[in-house]
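# after the sequence you'll find the predicted model.
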Amino acid sequence: MTSLYDPGRLALALMDLEEELRHWCAAASSGLLDALFEYQQGQEKVYQAQWRANLARDQAERDRDDVRQEQEFVAQLLNRTRDAVRTAEWTSKEVDQAQYEAGEALRYCRDELSKALEWLKRAEERLDRAVKWLAQAEANLSAAMRHLSSAESALRN
């Protein structure tokens, strides 16, 4: 029977153990390399995530500033719009007043025109009578002149 402490067996056991240790060392090295690779990959992902987060934060700050500027611009536009509405309302009232006054002036002018047309009609009628009267007077003058001429002729003879 061979003893446990047999150098041949011990050498074989040590060789087996050495082989197994090499296998475990190789596996441990491979695992360590895999773990290191995964760690580096994780670090890279963390770095990229932080970089994207910083970009997003910077963009959010720019967007917030843009929103503030747009809100200020909209507030200014609202103020100008309110001013424009007040001006338009005032202008509308002024136009209404001017339109009312123009209507009153138009009614007055139409009334005056109507009176003037009536006066013109009466004046034309008077003119027609005067023209007829003048024609009659001229005819009477002509007849009187003929009578005068005839009387003068009779006196000379």
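Perfect, I can see it now.
# and the strands in this protein?
For the chain, no strands are identified by DSSP state E.
# quick one, helices of it?
Assigned by DSSP state H, the helices in the chain fall at 7-156.
# show me the shaky parts of it.
1-4 (pLDDT under 70).
# and Tyr100, what does it touch?
Contact analysis of Tyr100 by Cβ atoms under 8 Å, 6 or more residues apart in numbering lists nothing. Quick note: C-beta positions are derived from backbone N, CA and C, even for glycine.
# against Leu127, how distant is it?
Using Cβ to Cβ, to the nearest Å, Tyr100 is found at 40 Å from Leu127.
# repeat that for Arg62.
Arg62 is 90 Å from Leu127, by Cβ to Cβ.
# what do you get for Ala11?
Computed as Cβ to Cβ, the Ala11 to Leu127 distance reads 162 Å.
# next, the contact list for Arg146, please.
No contacts exist for Arg146 under Cβ under 8 Å, 6+ apart.
# just use 586 as the starting number from now, easier for me
From this message on, residue numbering opens at 586, which makes the last subject Arg731.
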